[in-house]
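Visitor: task: produce atomic coordinates for the following.
(chains A, B, C and D)
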Number of protein chains: 2
Amino acid sequence: MNSIDAELAARIRDDIIHGVYAEGERLSEAQLCDAFKVSRTPVRLALRLLEREGIVRRGEGRGYTIQSPSISDILQAVQVRGHLESLAARLLAQSPNRQAALPAMARAIETIGDLVNLERLDAPVARQMQSANEVFHTSILDNCGNDYVGFTCQQISHLPMLAAGSMVFDRGILDSPERWEAGVFRLRLGNAQHQVIYEAIEQGDAVRAEGMMREHSHTMIKYIQTFENRDRSLTVSDLVSYSAAGSDRVQS
Amino acid sequence: MNSIDAELAARIRDDIIHGVYAEGERLSEAQLCDAFKVSRTPVRLALRLLEREGIVRRGEGRGYTIQSPSISDILQAVQVRGHLESLAARLLAQSPNRQAALPAMARAIETIGDLVNLERLDAPVARQMQSANEVFHTSILDNCGNDYVGFTCQQISHLPMLAAGSMVFDRGILDSPERWEAGVFRLRLGNAQHQVIYEAIEQGDAVRAEGMMREHSHTMIKYIQTFENRDRSLTVSDLVSYSAAGSDRVQS
DNA sequence: CCCTTGACTTTGGGATCCCAAAAACTCTCA
DNA sequence: TGAGAGTTTTTGGGATCCCAAAGTCAAGGG
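Guide: Take a look at the predicted model:
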């Protein structure tokens, strides 16, 4: 939360992701000024940010056009992010001072395990899980020795499902027993993968760490694809509302 | 080259990379306005861009501080870029319509091979080589089916040595026969790697394509490290001047 | 009736102005 | 003489103004 333009960019981005504007719609600065009751200066700064993020395109002539991300975009970005994280896992496993990252990772794994064993998944539990997941993943990125991996991940982390350690929860997880079972299994599987990654890093097994991290992100891709297969007309907006309520940022 | 602010950002970035400003130096908007004879509006837009690129940091209070990249930063970024390109190579090898990318790649390999056989390396030859190299690498990124790989690569391509298909040439390649031999060998090796990547993609051997692309970028890392080992006090500015004259952008 | 051209309107880029906050300087008191 | 408080100056953020370019509409000619 720096200045108005960053917040403004976040609000416009949220609007775009949540489907307030149609794909390819032209939006003007004046219109946004009117909508958010600010001057054109911060609006232009925000639009430049969004342009760099790729969700708004500045045409040759005048006007900005919306480039709202599709589910395919999300899947592609998740793949890129997963690949970058697998690099981080490999580098951390090769790093001589990888011990520094291990305690936080172990605690995160333990926390997630405890939360899954609660057999309950309301907003606060989801929030805690998300938080622990974030700790696990950022520990790897921050300690891998290559600052650009984490930096590059942050560059694409504005997309939904791509914030550090974001988890997708099945909204219908409480509807039916089998959905609940599947959801719990998925969480346990994910944490088992965390455990493997932890052990591989601890033992300096770079290949195993990289491979398991790749598999870990692939699991998320497959999970999103199940939604896509269930309902072909699914939009990113639906996908966002599938994520945990606890992941919603605090509104001002 | 869109509007003034993009060009302004490029000029300030070049100044930072070429070491005009000292590391950690505070630069003010007014100062830049005076230096480039423009108003504060485009300066602020440019600074926001540079802030996002990570080479300028906006402090808590006022003032921007220079975060000029070190050689270590470049090496890390090359590693990230190489890892992303290896993902692209794997995806392209797995892609059913990978045939579309092959002709341009083959032509690029042939061009580079011909240029190496010229046994001559002046500015135009280097420029052509750079261009062909760019064709090879962007063909893979553009056709791999995951648009975010190329997009993410572009996000970090403002750093020296990280523009698409940029090559580092040994400035002293003409000084001594053995340096020349080593330089030619390196170029031949690089193109042989191109050839292997091409064949692996053609045959759908995703593992080989990914592995060889990884090795290809590793070769560049090792090459930069030889400079670093030769002279510990080497700066990024020196590294930039080591790249081909043909890579310099046309000044207005 | 359609095409072309010219005037009008909309809109984005740049410059300038104003203000608030932070840094720096100075004055005073211990 | 040093430390603290008040004042001044610097500086960045936001708002507003102006202008140029692009889009739009209408009128006239073929």
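Visitor: so where's chain A shaky on pLDDT?
Guide: Across chain A, the stretches falling below the confidence threshold (pLDDT under 70) are A:1-2, A:244-252.
Visitor: tell me, what residue is most central in it?
Guide: A:Leu162 (2.0 Å; Cα atoms, centre = their mean).
Visitor: most distant residue from the centre of chain A?
Guide: What lies farthest from the middle of chain A is A:Gly61; by Cα atoms, centre = their mean that is 33.7 Å.
Visitor: what about it, which SS state?
Guide: coil (DSSP: H, G, I helix; E, B strand; the rest coil).
Visitor: ok, A:Thr65 next?
Guide: Three-state call for A:Thr65 (three-state DSSP): strand.
Visitor: could you count how many residues lie near it?
Guide: For A:Thr65, the count of nearby residues is 14 (other Cβ atoms under 10 Å in any protein chain shown). The way it works is simple: take the backbone N, C-alpha and C, and place the C-beta from them, glycine included.
Visitor: with adjacent residues omitted, what lies nearest to it?
Guide: Residue nearest to A:Thr65 in three dimensions, not counting chain neighbours: A:Arg57, with 5.1 Å by Cβ to Cβ, 6 or more residues apart in numbering or on different chains.
Visitor: report the angle between the helix or strand hosting A:Pro42 and helix B:40-53.
Guide: Secondary-structure element containing A:Pro42, defined by DSSP states H and E: helix A:40-53. For the pair helix A:40-53 and helix B:40-53, the angle between their directions (axes from the mean of the first three to the mean of the last three Cα atoms, to 10 degrees) equals 30 degrees.
Visitor: outside of helix A:40-53, which residues touch it?
Guide: Contact partners of helix A:40-53, identified using Cβ atoms under 8 Å, 6 or more residues apart in numbering or on different chains, comprise A:3-6, A:8-9, A:12-13, A:16, A:29-30, A:32-33, A:36, A:56-58, A:64, A:158, B:5, B:41, B:44-45, B:48-49, B:52.
Visitor: starting at the chain centroid, how far to it?
Guide: For helix A:40-53, the separation from the chain centroid amounts to 22 Å (computed by Cα atoms, centre = their mean, to the nearest Å).
Visitor: C-terminal to the helix or strand where A:Asp73 lies, what's the next element?
Guide: When elements are defined using DSSP H and E, A:Asp73 is found to belong to helix A:71-94. Elements were assigned by DSSP H and E; along the chain past helix A:71-94, the next helix or strand is helix A:102-117.
Visitor: against which helices or strands is that following helix packed?
Guide: Counting contacts by 3 or more Cβ pairs under 8 Å, 6 or more residues apart in numbering or on different chains; DSSP states H and E, helix A:102-117 is packed against helix A:123-143, helix A:177-202.
Visitor: from the chain's centroid, how far away is the longest one?
Guide: Just to be clear, that refers to helix A:177-202. Here helix A:177-202 is found 18 Å from its chain centre; the criterion is Cα atoms, centre = their mean.
Visitor: chain B contacts on the stretch 101-250 of chain A?
Guide: Near chain B, the residues belonging to the stretch 101-250 of chain A are A:Asn146, A:Asp147, A:Tyr148, A:Val149, A:Phe151, A:Thr152, A:Gln155, A:Ile156 when assessed by Cβ under 8 Å from any Cβ of the partner chain.
Visitor: just put the residues you listed in a markdown table and tack on secondary structure and distance to B:Met212.
Guide: Formatted as a markdown table, those follow (DSSP: H, G, I helix; E, B strand; the rest coil; distance: Cβ to Cβ, whole Å):
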| residue | secondary structure | distance to B:Met212 |
| --- | --- | --- |
| A:Asn146 | coil | 21 |
| A:Asp147 | helix | 27 |
| A:Tyr148 | helix | 22 |
| A:Val149 | helix | 22 |
| A:Phe151 | helix | 26 |
| A:Thr152 | helix | 22 |
| A:Gln155 | helix | 27 |
| A:Ile156 | coil | 26 |
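Visitor: ok, those vs B:Met129, which is closest?
Guide: Using Cβ to Cβ, A:Tyr148 is the member of these that lies nearest B:Met129, at 26.3 Å.
Visitor: got the helices and strands packed on helix A:102-117 as JSON lines, with mean neighbour count and distance to B:Gly211 columns?
Guide: Output for these, formatted as JSON lines (neighbours: other Cβ atoms under 10 Å in any protein chain shown; distance: least, Cβ to Cβ, whole Å):
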{"stretch": "helix A:123-143", "mean neighbour count": "20", "distance to B:Gly211": "23"}
{"stretch": "helix A:177-202", "mean neighbour count": "17", "distance to B:Gly211": "19"}
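Visitor: element containing A:Tyr21?
Guide: Assigned by DSSP H and E, A:Tyr21 belongs to no helix or strand.
Visitor: how much space separates it from chain B?
Guide: Computed with Cβ to the nearest Cβ, to the nearest Å, the distance linking A:Tyr21 and chain B is 21 Å.
Visitor: same deal with A:Gln203?
Guide: If you measure A:Gln203 against chain B using Cβ to the nearest Cβ, the figure is 22 Å.
Visitor: and for A:Val38?
Guide: Distance from A:Val38 to chain B, counting by Cβ to the nearest Cβ: 16 Å.
Visitor: can you report how many residues lie near that residue?
Guide: For A:Val38, the tally of surrounding residues (other Cβ under 10 Å) stands at 16.
Visitor: so it lies in a helix, does it not?
Guide: No - assignment of A:Val38 by three-state DSSP gives coil, placing it outside any helix.
Visitor: doesn't A:Ile4 make contact with it?
Guide: Yes - in this structure A:Val38 lies within contact range of A:Ile4 using Cβ atoms under 8 Å: 6.4 Å.
Visitor: for the nearest residue to A:Phe36 once chain neighbours are set aside, what is the enclosing helix or strand?
Guide: Sequence neighbours aside, A:Leu8 is the residue nearest to A:Phe36 in space, at 6.2 Å (criterion: Cβ to Cβ, 6+ apart). The secondary structure element spanning A:Leu8 is helix A:4-17 (assigned by DSSP H and E).
Visitor: partner residues bridging A:Thr65?
Guide: With DSSP bridges as the criterion, A:Thr65 is bridged to A:Arg26, A:Arg57.
Visitor: contacts only, for it.
Guide: Per Cβ under 8 Å, 6+ apart, neighbours of A:Thr65: A:Gly24, A:Glu25, A:Arg26, A:Leu27, A:Val56, A:Arg57, A:Gly59.
Visitor: make CSV from the residues you listed and add distance to A:Trp180 to it.
Guide: Below are the contacts of A:Thr65 laid out as CSV (distance: Cβ to Cβ, whole Å):
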residue, distance to A:Trp180
A:Gly24, 40
A:Glu25, 39
A:Arg26, 45
A:Leu27, 42
A:Val56, 40
A:Arg57, 42
A:Gly59, 48
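Visitor: which pair in the residues you listed spans the largest distance?
Guide: Maximum pairwise distance among the contacts of A:Thr65 (Cβ to Cβ): 12.2 Å, between A:Glu25 and A:Gly59.
Visitor: more neighbours: which of those two?
Guide: Ranked by neighbour count (other Cβ under 10 Å), A:Glu25 and A:Gly59 place A:Glu25 first, with 13 against 9.
Visitor: the more buried one against A:Ile66, yeah?
Guide: Yes - at 4.8 Å, A:Glu25 and A:Ile66 qualify as touching, with contact defined as Cβ under 8 Å.
Visitor: contact residues of chain A facing DNA strand C?
Guide: Within chain A, the residues that sit near DNA strand C (Cβ under 7 Å from any atom of the strand) are A:Leu27, A:Ser28, A:Glu29, A:Ala30, A:Arg40, A:Thr41, A:Arg44, A:Arg58, A:Arg62, A:Gly63, A:Tyr64.
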